[in-house]
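*Asks:* have a look at this prediction, sequence included:
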Amino acid sequence: MTELRVLDPKSAPPREEPRRRRALDLRLAGLLGVLVVLCAVGYATRPDSFLTEANISTMLRLAAAIGVVSVGMTFVIISGGIDLSVGSIVALSSVWMTTVATQSYGPVVMVLCALLVGLACGLVNGVLISYGKIVPFIATLAMYASAKGLAERLSGRRTQVVTETGFTTFFRGDLLGVPVLIWLLAAVFAVGWVVLNRTTFGRRTFAVGGNAEAARLAGIDVKRHTALVYGIAGLCCGIAALMVVARTTSGASTNGMFYELDAIAAVVIGGTLLTGGRGSLIGTLIGVLIFTVVGNIFTQNNLDTDIQNIAKGVIIVAAVLLQRTTSARRRGARTT
Amino acid sequence: MPSLDRRRFLWGTTAVGTAALLVGCTSNETGNSAPDAVAAGSGENSRPGKAVTVGFSAPAADHGWMAAMTKNARAQAERFSDVTFKATEGTNDVNQQISQVETLINDKVDVLVVLPFDGKALTEVGRQAMDAGIPVINVDRVFDTPLAYRTWIGGDNYRMGVNAGEFIASQMKAKNIGSPIIGEVAGIDSLPLTQERSRGFKDALARSGFQVGPRVSAQFTSESGEQQTANLLQAATKLDALWNHDDDQGIGVMAAIDSAGRNEFVMVGGAGSRNMMDLIKADSGVMKATVLYSPSMASSAIALARLLGQTKGIGDLAEHDIPASITTYSAVVTKENVDQYLDVGFDS
């Protein structure tokens, strides 16, 4: 299946193999089913407050930052890599954009600063991995540690409150009746989907993840491509940092804690292969929403957080098993 | 290849320019930080006496409260002309903290002030110091045995919860609310200090026939405070009161309340940050009070260390010696008394 893509990755998108397409759709349908069941549980237990406009808006805003990070993570994992540094990059960007100096230059510089810091960290990851030949796990682990350290250094481990009201008014406000954060989340997903599924860049990402050597032989500059993919992940972290700062009205080195784990979990239950070469952004989105809805349902019913963590673990395993059985039925023994 | 060179040149300048821009954004200098909480000293004890060298060891200043502890200790020591202050670099590695305390013992300081990262892990080295004849003042996180310290000074998590509960109960009664919905944003649930705070809160409310309604637990960070509170506010469409255990996470809690546009309830904080005290003073929103767990205890610890070194007692007490245990009081700071407490408010 991957061979089909790799043979001519630069050409126009090949027709999706119908059988494969059905398998993917079935997997997504299963995942969507999980989400619908969860929403039904939420509605059944708290009919008065679960499916209200305010609660849905709250859930989507909570999903925004981790959702954007997960978009970047989907690209990285499809390309056959992993990024453990996303949480620290979010922390560093959030701190850098809220220093007294940055805030004094106004909201535009704050936004640029977050995006640039994120992009730069991502590119450093990418260059270390592709040109420095350090395995992704180690290179991004190093970035995880040093970005966190730098964030602590810059902030003096304090919580930096945003006093720039221009920034908070815009990002915490609404646009056409919908919170700006939700627009941003939607925009990042839309752009991500188009890039991944409708451009040469996306094709090449699948090709590199499916078989890097074959991709190289087919004329793809694998090193440059890998570096760029990590750059995208970093940029997504910069956008997520904007969202976190907007939501908490502060930047701190404790921001983005465990984002790497949450993002990887969302990507994997979304049906993206950890070994690369196959994946779906829509699956990732549903994965992120599933976790947000679970958290919300637990709080709605005033249940303990420890039970919530158990449920999270069970959901990860259940979703992966569910997908494997649905795809196994379709594709016989050639499953993953 | 001139075109390639030009491209490289352009990319190079862009990268250098960007780096310069980012470096220009790292400064964090501000003119106004919270004042240091220092004990003024009174009577006979305030006069300079025998020179005392005080050794100080604490965990890394990784959040506002802990940073204030170290800052206050230093400021208090500088206040005394007869105290030489020897502080070690703050660390969250217990092995490192043990060796730091050992170094201070070898330096033969007169008194040791130790705020351990983990009380159990530092007990043994506390005993070593006591055995070497150096009195140890154990701050906040208590050692396993009184043999390891001369005096303990620390806060009272249970009473923090009690005082928060009693303040809220009195507010509810004043407003004539029969069965109020009272929410709680706790800290990390697995920590004993969080459990004690919650127990005190529950007990105090129960005395008035009230109970804790919606409850979430955050991670002492502003981000987790925001996430948990956003969900809590959706679950509780109407609230009468809300207690947040920690003012550091309170920044996020306040952001969530602001996002949800809620103002129908009374909010009480915990620990006593400068930020929250300013909000209480302004009285412009839900924030009405905060229950102290004040880092001024570090200042008191240094003052006690000096008195111990000079073998003096506490001025107004009949005791000849410094007491073996001092528990600081978790006062409720409200709009009425906030001016008296602004000096102990710490930067988040």
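*Replies:* On my side now, so go ahead.
*Asks:* what's around residue 130, how many residues?
*Replies:* Just so you know, I chose chain A. 22 (other CB atoms under 10 Å in any protein chain shown). The way it works is simple: take the backbone N, C-alpha and C, and place the C-beta from them, glycine included.
*Asks:* my bad, the chain I had in mind was chain B
*Replies:* 19.
*Asks:* wait, what's in contact with it?
*Replies:* B:136, B:147, B:148, B:149, B:150 (CB atoms under 8 Å, 6 or more residues apart in numbering or on different chains).
*Asks:* again, only using 7 Å
*Replies:* Going by CB atoms under 7 Å, 6 or more residues apart in numbering or on different chains, residue B:130 touches B:136, B:147, B:148, B:150.
*Asks:* and these, which of them are buried?
*Replies:* Neighbour counting with 16 or more other CB atoms under 10 Å in any protein chain shown marks B:136, B:148, B:150 as buried within the contacts of residue B:130.
*Asks:* what's across from the first one in the sheet?
*Replies:* The bridge-partner assignment for residue B:136, based on DSSP bridges, gives residue B:112.
*Asks:* what's the closest of the buried ones among the contacts of residue B:130 to residue A:51?
*Replies:* The closest of the buried ones among the contacts of residue B:130 to residue A:51 turns out to be residue B:148 (CB to CB; 56.7 Å).
*Asks:* pull up the residues of the stretch 151-300 of chain B that are close to chain A.
*Replies:* With the criterion set to CB under 7 Å from any CB of the partner chain, the stretch 151-300 of chain B comes near chain A through B:189, B:214-217, B:219, B:221-223, B:226-227, B:230-232, B:234-235, B:237, B:248, B:251-252, B:255, B:259, B:275.
*Asks:* next one: the helix or strand encompassing residue A:224, is it in contact with chain B?
*Replies:* Assigned by DSSP states H and E, residue A:224 belongs to helix A:222-248. Yes. Using CB under 7 Å from any CB, helix A:222-248 reaches chain B at A:244, A:247, A:248.
*Asks:* dump those residues to JSON lines, plus pLDDT and neighbour count.
*Replies:* Output for the residues of helix A:222-248 next to chain B, formatted as JSON lines (pLDDT from 0 to 100; neighbours: other CB atoms under 10 Å in any protein chain shown):
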{"residue": "A:244", "pLDDT": "95", "neighbour count": "29"}
{"residue": "A:247", "pLDDT": "93", "neighbour count": "26"}
{"residue": "A:248", "pLDDT": "92", "neighbour count": "29"}
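*Asks:* wait, what's in contact with residue B:217?
*Replies:* Per CB under 7 Å, 6+ apart, neighbours of residue B:217: A:305, B:186, B:187, B:188, B:189, B:228.
*Asks:* hang on, residue B:84 in a strand?
*Replies:* Yes. The assignment for residue B:84 is a strand, going by DSSP: H, G, I helix; E, B strand; the rest coil.
*Asks:* test my guess that it contacts residue B:53.
*Replies:* Yes. Using CB atoms under 7 Å, residue B:84 is in contact with residue B:53, at 4.5 Å.
*Asks:* all strands for the stretch 201-348 of chain B, in order.
*Replies:* B:212-217, B:241-244, B:266-271, B:287-292, B:325-327, B:332-334 (DSSP state E, counting those that start in this stretch).
*Asks:* contacts for stretch A:93-100?
*Replies:* Applying CB under 7 Å, 6+ apart, the contact partners of stretch A:93-100 are A:102, A:110, A:113-114, A:117-118, A:151, A:154-155, A:160, A:162, A:237-238, A:241, A:244-245, A:250-253, A:255, B:25-30.
*Asks:* now with 6 Å?
*Replies:* By CB atoms under 6 Å, 6 or more residues apart in numbering or on different chains, the residues outside stretch A:93-100 that reach it are A:110, A:113-114, A:117-118, A:151, A:154-155, A:160, A:162, A:238, A:241, A:244-245, A:251, A:253, A:255, B:25-26, B:28, B:30.
*Asks:* can you flag the buried ones in the residues you listed?
*Replies:* A:110, A:113-114, A:117-118, A:151, A:154-155, A:160, A:162, A:238, A:241, A:244-245, A:251, A:253, A:255, B:25-26, B:28.
*Asks:* restricted to helices, list those.
*Replies:* A:110, A:113, A:114, A:117, A:118, A:151, A:154, A:155, A:238, A:241, A:244, A:245 (DSSP state H).
*Asks:* near chain B, which residues of chain A show up?
*Replies:* Chain A comes close to chain B at residues A:49, A:55, A:58, A:62, A:99-102, A:113, A:116, A:154, A:157, A:159, A:244, A:247-250, A:252, A:254-255, A:296, A:299-300, A:302, A:305, as judged by CB under 6 Å from any CB of the partner chain.
*Asks:* filter these down to the buried ones, PyMOL style.
*Replies:* Buried residues within the residues of chain A next to chain B, by 16+ other CB under 10 Å, are selected in PyMOL with:
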select buried, chain A and resi 49+55+58+62+99+101+102+113+116+154+157+159+244+247+248+249+250+252+254+255+296+299+300+302+305
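*Asks:* which ones among the residues of chain A next to chain B are found in strands?
*Replies:* Secondary structure from DSSP state E places residue A:250 of the residues of chain A next to chain B in strands.
*Asks:* which regions of the stretch 201-336 of chain A sit below the pLDDT cut-off?
*Replies:* Along the stretch 201-336 of chain A, segments meeting pLDDT under 70 span A:323, A:325-336.
*Asks:* need the helices for it, in chain order.
*Replies:* Secondary structure of the stretch 201-336 of chain A (DSSP state H, counting those that start in this stretch): helices located at A:212-217, A:222-248, A:259-269, A:281-300, A:305-331.
*Asks:* with distance to residue A:39 added, can I get those in TSV?
*Replies:* Formatted as TSV, the helices of the stretch 201-336 of chain A follow (distance: least, CB to CB, whole Å):
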stretch	distance to residue A:39
helix A:212-217	40
helix A:222-248	23
helix A:259-269	16
helix A:281-300	6
helix A:305-331	14
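*Asks:* comparing those, which comes out most buried?
*Replies:* helix A:222-248 (a mean of 26; mean count of other CB atoms under 10 Å in any protein chain shown).
*Asks:* give me the nearest residue to residue B:251, chain neighbours excluded.
*Replies:* The shortest distance from residue B:251 to any non-neighbouring residue, by CB to CB, 6 or more residues apart in numbering or on different chains, is to residue B:222 (4.2 Å).
*Asks:* and the one you found, how many neighbours does it have?
*Replies:* Residues lying near residue B:222 (other CB under 10 Å) number 32.
*Asks:* thought it was touching residue A:247?
*Replies:* No. In this structure residue B:222 lies outside contact range of residue A:247 using CB atoms under 6 Å: 9.3 Å.
*Asks:* which strand or helix spans the residue nearest in space to the middle of chain B?
*Replies:* Among the residues of chain B, the one closest to the centroid is residue B:65, at 3.2 Å (CA atoms, centre = their mean). Counting by DSSP H and E, the element that carries residue B:65 is helix B:64-79.
*Asks:* okay, now the nearest residue to residue A:174 once chain neighbours are set aside: neighbour count?
*Replies:* For residue A:174, ignoring the flanking residues on the chain, the nearest one in space by CB to CB, 6+ apart is residue A:180 at 6.9 Å. Neighbour count of residue A:180, defined by other CB under 10 Å: 20.
*Asks:* and the pLDDT at residue A:180?
*Replies:* On the pLDDT scale, residue A:180 is placed at 94.
*Asks:* please identify which helix or strand holds the most centrally placed residue in chain A.
*Replies:* For chain A, the residue nearest the mean C-alpha position is residue A:70 (0.7 Å; CA atoms, centre = their mean). Following DSSP H and E, one finds residue A:70 within helix A:53-78.
*Asks:* with just CA atoms, put the following helix or strand past that helix into CSV.
*Replies:* Later in the chain than helix A:53-78, the nearest helix or strand by DSSP H and E is helix A:86-96. Extracted in CSV, the C-alpha atoms of helix A:86-96 (Å, rounded to 0.1, in the frame of the first residue of the first chain):
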residue,chain,number,x,y,z
VAL,A,86,6.3,20.2,22.5
GLY,A,87,5.3,21.0,26.1
SER,A,88,8.6,22.7,26.8
ILE,A,89,8.5,24.7,23.6
VAL,A,90,5.0,25.9,24.6
ALA,A,91,6.4,26.9,28.0
LEU,A,92,9.3,28.7,26.5
SER,A,93,7.2,30.5,23.9
SER,A,94,4.7,31.5,26.5
VAL,A,95,7.4,32.9,28.8
TRP,A,96,9.3,34.7,26.0
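*Asks:* fine by me, we can end here.
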